[in-house]
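Engineer: Following is a predicted model, sequence given first.
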Amino acid sequence: MFPIVFLFLFLRPMKEKISEIKDLLQNPKDIVITVHRGPDADALGSALALSEVLKQLNHNVTVISPNDYASFLYWMKGNDQVVIYSEDKEKAQKITNNADLIFLLDFNSLSRISDYSDVVENSSAIRIMIDHHQEVDIKAANIIISDPKSCSTAQLLFEVIENLEYKHLINKDVSECLYAGIMTDTGSFKYSSTTSKTHHIIAELINLGADNSKIHDLIYDNYSENRTKLLGYCLNDKLQIFPELNSAIISLTEEELKKFNFKKGDTEGVVNYALAIKGIIFAVFIAEKEGVVKLSLRSKGDFKVNEIAKKHFSGGGHMNASGGISELSVNKTIEKVISIFKENKKNLTK
Ligand code: 5GP
Ligand code: MN
């Protein structure tokens, strides 16, 4: 297709896209729902919520994650049936090849699903993307519902379900998955992306059965002893503060993670402690995992970390929360980050 065709398809009004999706869901289909690599509560919660809704409409649905994720998400309904591509490529491939529809949730470009993208691209299924990241790749799917202003994919998905007239299918399980997605992507309703609409939707989810206090507990108050001690180590031994640049770094090598018997999800949220220090507006968390140096970038106000992630670390994300990877060692990455702080001194200290 010519790029102009993708642009035309992308720019169609929401109403038209919704009615097209509704037509596609008119009779039972084989459906795959996939999410970005290392899915968080927003990605996985959205996928499992949509899966539960579509199953009630008699579709044959499989959620496929590119790789495994944190165990504090395992409580979500349908988790036990998620196919992990990196662990069972053959099965994931077979299901994907056979699919009529593939939903792409909580990511804006096929590069975010690593090598599973080849499988998705080789399938003849119609692709539907629902996402809230900026700079969507308009060639990634046939139908794209993208709203970077939305705090979470879960909130956007709630609105899509509502517009499809499937709201009556949001049961307790669905509402809890969506609640978890909105809760985590808004930092428990505190980020500036949280609006009155977010609170209205959250109120509806509670009315539909979401046990809000239980979900906070399952996600935030579920640390292993090792995770708690690793956090202590990060804060006591590994935090570097640059007060003159209003910036901070926390870094961990693979060896250090091993010492604390690192499990997926154990470092989630660590970067926020650096950002919570008075005066800090740019916080960077660096960790070497499975031989790859990953960065989490967070900021306050209008300092755009997604631009830094894109320019320096082959990544991206949101204005105040982004990520990427570094080709350098942990120590060299720290040096690079410090030079980025210095380059941006004007914006960091204004
Ligand atoms: P985290 O720091 O929690 O891993 O990621 C924060 C946000 O940054 C994610 O929600 C996602 O939007 C974005 N992000 C993280 N890693 C990458 C990456 O490797 N590439 C891109 N494009 N975005 C990323
Ligand atoms: Mn999200």
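Structural biologist: In hand now; what should we look at? Residues are numbered from 1 along each chain as shown. Ligands and ions are numbered 1, 2, ... in the order given.

Engineer: burial measure for residue 257, as a count.
Structural biologist: The tally of other residues near residue 257 (other Cβ atoms under 10 Å) stands at 18. C-beta here means a position set from N, CA and C on the backbone, and glycine is covered the same way.

Engineer: and if you look at residue 214?
Structural biologist: Counted with other Cβ under 10 Å, residues neighbouring residue 214 total 12.

Engineer: Against residue 263, how distant is it?
Structural biologist: Distance, residue 214 to residue 263, by Cβ to Cβ, to the nearest Å: 22 Å.

Engineer: Neighbours of residue 314, how many?
Structural biologist: Residue 314: 12 neighbours (other Cβ under 10 Å).

Engineer: So the residue of the stretch 101-250 of the chain found nearest ligand 1, which state does it fall into?
Structural biologist: Per Cβ to the nearest ligand atom, residue 133 is where the stretch 101-250 of the chain lies closest to ligand 1, at 5.4 Å. Assigned with DSSP: H, G, I helix; E, B strand; the rest coil, residue 133 falls in the coil class.

Engineer: Of all the residues in stretch 60-67, which ones are buried?
Structural biologist: By neighbour count on 16 or more other Cβ atoms under 10 Å, the buried set for stretch 60-67 is 61-67.

Engineer: try stretch 95-115
Structural biologist: For stretch 95-115, by 16+ other Cβ under 10 Å, it's 95-96, 99-110, 112-113.

Engineer: Those residues also near ligand 2: which ones?
Structural biologist: Contacts with ligand 2 within these, counted by Cβ under 5 Å from the ion: residue 106.

Engineer: Which of the buried residues of stretch 95-115 sits closest to ligand 2?
Structural biologist: Nearest to ligand 2 out of those is residue 106 (Cβ to the ion; 4.6 Å).

Engineer: Can you verify my assumption that the closest one contacts residue 38?
Structural biologist: No - with contact defined as Cβ atoms under 8 Å, residue 106 does not count as touching residue 38 (11.0 Å).

Engineer: quick one: pLDDT of the residue of the stretch 101-250 of the chain closest to ligand 1?
Structural biologist: In this model, residue 133 is scored at 96, pLDDT.

Engineer: Residue 104 is in contact with that one, correct?
Structural biologist: No - Residue 133 is beyond contact range of residue 104, at 11.3 Å (criterion: Cβ under 8 Å).

Engineer: Get me the contact residues on this structure for ligand 1.
Structural biologist: Proximity of the chain to ligand 1 (Cβ under 6 Å from any ligand atom) is limited to residues 133, 296, 315-318, 321-325.
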